[in-house]
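>>> all I have is the shape, not the residue letters:
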(Lines give C-alpha, C1' and ligand atoms only; values in the text may rest on other atoms or scores of the structure.)
Protein backbone atom coordinates (compact mmCIF):
# COMPACT_ATOMS: atom_id res chain seq x y z
CA UNK A 1 0.00 0.00 0.00
CA UNK A 2 1.46 3.34 -1.01
CA UNK A 3 1.17 6.31 1.33
CA UNK A 4 1.63 9.84 0.14
CA UNK A 5 1.72 12.77 2.52
CA UNK A 6 -0.88 15.46 1.87
CA UNK A 7 0.02 19.08 1.27
CA UNK A 8 -0.71 21.23 4.32
CA UNK A 9 -1.59 24.44 2.51
CA UNK A 10 -5.20 24.84 1.60
CA UNK A 11 -7.24 27.56 -0.06
CA UNK A 12 -10.37 29.13 1.37
CA UNK A 13 -12.48 27.21 -1.18
CA UNK A 14 -11.33 23.85 0.18
CA UNK A 15 -12.12 24.63 3.78
CA UNK A 16 -15.73 23.93 4.88
CA UNK A 17 -15.42 26.46 7.70
CA UNK A 18 -14.47 29.25 5.32
CA UNK A 19 -11.15 30.20 6.98
CA UNK A 20 -7.85 28.70 5.95
CA UNK A 21 -6.22 26.74 8.76
CA UNK A 22 -9.33 26.47 10.93
CA UNK A 23 -12.69 24.75 10.51
CA UNK A 24 -15.47 26.30 12.62
CA UNK A 25 -18.07 23.73 13.72
CA UNK A 26 -20.07 25.54 16.39
CA UNK A 27 -19.47 28.64 18.54
CA UNK A 28 -16.29 27.89 20.49
CA UNK A 29 -15.74 24.56 18.72
CA UNK A 30 -13.24 24.37 15.88
CA UNK A 31 -10.60 22.16 14.29
CA UNK A 32 -7.11 23.48 13.60
CA UNK A 33 -5.37 22.33 10.43
CA UNK A 34 -2.37 21.21 12.49
CA UNK A 35 -4.58 18.64 14.28
CA UNK A 36 -5.35 16.93 10.95
CA UNK A 37 -3.03 14.53 9.18
CA UNK A 38 -3.90 13.18 5.75
CA UNK A 39 -2.34 10.34 3.82
CA UNK A 40 -3.44 9.07 0.45
CA UNK A 41 -3.75 5.35 -0.13
CA UNK A 42 -4.97 3.10 -2.89
CA UNK A 43 -8.70 2.58 -2.77
CA UNK A 44 -10.10 -0.92 -2.43
CA UNK A 45 -12.75 -2.54 -4.59
CA UNK A 46 -13.44 -2.51 -8.31
CA UNK A 47 -12.20 0.24 -10.58
CA UNK A 48 -9.56 -1.32 -12.80
CA UNK A 49 -6.46 0.58 -13.74
CA UNK A 50 -7.41 3.78 -11.90
CA UNK A 51 -7.75 2.00 -8.54
CA UNK A 52 -4.67 -0.16 -9.07
CA UNK A 53 -2.31 2.68 -9.99
CA UNK A 54 -3.52 5.89 -8.34
CA UNK A 55 -3.67 6.56 -4.59
CA UNK A 56 -6.99 8.43 -4.49
CA UNK A 57 -8.45 7.27 -1.18
CA UNK A 58 -7.66 9.47 1.81
CA UNK A 59 -7.02 8.43 5.38
CA UNK A 60 -7.72 11.40 7.66
CA UNK A 61 -6.31 11.28 11.18
CA UNK A 62 -7.64 13.79 13.70
CA UNK A 63 -5.84 14.04 17.03
CA UNK A 64 -8.91 14.64 19.20
CA UNK A 65 -7.11 14.04 22.51
CA UNK A 66 -4.74 16.98 21.94
CA UNK A 67 -7.04 19.26 19.92
CA UNK A 68 -7.09 22.74 21.43
CA UNK A 69 -10.33 23.75 19.71
CA UNK A 70 -12.47 21.07 21.36
CA UNK A 71 -13.83 21.59 24.88
CA UNK A 72 -13.33 18.51 27.10
CA UNK A 73 -17.01 17.45 27.17
CA UNK A 74 -17.28 17.62 23.38
CA UNK A 75 -13.94 15.78 23.01
CA UNK A 76 -15.21 12.91 25.16
CA UNK A 77 -18.52 12.73 23.34
CA UNK A 78 -16.77 12.82 19.93
CA UNK A 79 -14.52 9.90 20.88
CA UNK A 80 -17.54 7.97 22.14
CA UNK A 81 -19.49 8.62 18.92
CA UNK A 82 -16.47 7.67 16.79
CA UNK A 83 -16.61 4.11 18.14
CA UNK A 84 -14.11 1.85 16.35
CA UNK A 85 -12.76 4.77 14.34
CA UNK A 86 -11.16 6.12 17.55
CA UNK A 87 -7.77 4.79 18.66
CA UNK A 88 -6.56 4.24 22.22
CA UNK A 89 -4.38 7.35 21.91
CA UNK A 90 -7.44 9.52 21.24
CA UNK A 91 -7.10 9.92 17.47
CA UNK A 92 -9.97 9.48 15.04
CA UNK A 93 -9.31 7.74 11.70
CA UNK A 94 -11.64 8.37 8.78
CA UNK A 95 -11.11 6.68 5.43
CA UNK A 96 -12.80 8.06 2.34
CA UNK A 97 -12.54 6.35 -1.02
CA UNK A 98 -15.95 6.83 -2.62
CA UNK A 99 -14.80 9.21 -5.32
CA UNK A 100 -12.26 8.99 -8.14
CA UNK A 101 -10.25 12.08 -7.21
CA UNK A 102 -8.11 12.87 -4.20
CA UNK A 103 -9.71 16.28 -3.69
CA UNK A 104 -13.27 14.93 -3.50
CA UNK A 105 -12.22 12.13 -1.15
CA UNK A 106 -10.31 14.64 0.96
CA UNK A 107 -13.36 16.90 1.17
CA UNK A 108 -15.60 13.90 1.92
CA UNK A 109 -13.37 12.82 4.83
CA UNK A 110 -13.31 16.36 6.26
CA UNK A 111 -17.08 16.70 5.89
CA UNK A 112 -17.61 13.41 7.73
CA UNK A 113 -15.31 14.53 10.54
CA UNK A 114 -17.12 17.88 10.82
CA UNK A 115 -20.48 16.06 10.91
CA UNK A 116 -19.23 13.76 13.68
CA UNK A 117 -17.99 16.65 15.83
CA UNK A 118 -21.14 18.70 15.10
CA UNK A 119 -23.23 15.78 16.35
CA UNK A 120 -21.14 15.67 19.52
CA UNK A 121 -21.50 19.44 19.98
CA UNK A 122 -25.31 19.34 19.89
CA UNK A 123 -26.88 20.20 23.23
CA UNK A 124 -28.57 17.32 25.04
CA UNK A 125 -32.33 16.99 24.62
CA UNK A 126 -34.44 18.64 27.32
CA UNK A 127 -35.24 16.36 30.25
CA UNK A 128 -38.49 14.40 30.09
CA UNK A 129 -41.33 15.97 32.03
CA UNK A 130 -43.10 13.41 34.18
CA UNK A 131 -46.85 13.27 33.70
CA UNK A 132 -49.45 12.05 36.15
CA UNK A 133 -52.50 10.05 35.06
CA UNK A 134 -55.84 11.71 35.71
CA UNK A 135 -58.11 10.53 38.54
CA UNK A 136 -60.59 9.10 36.06
CA UNK A 137 -57.84 7.12 34.29
CA UNK A 138 -56.67 5.64 37.62
CA UNK A 139 -60.26 4.69 38.56
CA UNK A 140 -60.89 3.06 35.16
CA UNK A 141 -57.65 1.07 35.43
CA UNK A 142 -58.48 -0.17 38.94
CA UNK A 143 -62.04 -1.06 37.90
CA UNK A 144 -60.80 -3.11 34.92
CA UNK A 145 -58.27 -4.87 37.17
CA UNK A 146 -61.02 -5.79 39.61
CA UNK A 147 -63.13 -7.09 36.72
CA UNK A 148 -60.27 -9.27 35.45
CA UNK A 149 -59.69 -10.53 38.98
CA UNK A 150 -63.30 -11.73 39.35
CA UNK A 151 -63.19 -13.42 35.92
CA UNK A 152 -60.07 -15.33 36.93
CA UNK A 153 -61.54 -16.30 40.31
CA UNK A 154 -64.53 -17.80 38.51
CA UNK A 155 -62.13 -20.09 36.59
CA UNK A 156 -61.10 -21.85 39.77
CA UNK A 157 -62.01 -25.45 40.77
CA UNK A 158 -65.65 -26.11 41.49
CA UNK A 159 -66.26 -27.43 45.01
CA UNK A 160 -68.95 -30.02 45.83
CA UNK A 161 -71.02 -28.39 48.59
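Cool, got the structure. Since the structure is predicted, the reported quantities are computational estimates derived from the model, not experimental observations.
>>> give me the below-cutoff pLDDT ranges for the chain.
Low-confidence segments of the chain, defined by pLDDT under 70, are located at 1-20, 45-52, 161.
>>> that one: helices as residue ranges?
Assigned helices in the chain, in chain order: 49-53, 72-82, 102-121, 135-154 (criterion: DSSP state H).
>>> so which of those helices is the most packed in?
Relative to the other members of these, helix 102-121 carries the highest mean neighbour count by mean count of other C-beta atoms under 10 Å, namely a mean of 18. Every residue, glycine included, has its C-beta placed from N, CA and C.
>>> elements contacting that one?
strand 22-26, strand 29-32, strand 36-41, strand 57-63, helix 72-82, strand 91-96 (3 or more C-beta pairs under 8 Å, 6 or more residues apart in numbering; DSSP states H and E).
>>> let's see that with 7 Å instead.
Packed against helix 102-121 by the contact rule (3 or more C-beta pairs under 7 Å, 6 or more residues apart in numbering; DSSP states H and E) you find strand 22-26, strand 57-63, helix 72-82, strand 91-96.
>>> and residue 32, how far from residue 131?
In this structure, residue 32 and residue 131 are 46 Å apart, going by C-beta to C-beta, to the nearest Å.
>>> what sits up against stretch 58-66?
By C-beta atoms under 7 Å, 6 or more residues apart in numbering, the list of residues contacting stretch 58-66 from outside reads 35-41, 70, 75, 78-79, 89-96, 102, 105-106, 109-110, 113.
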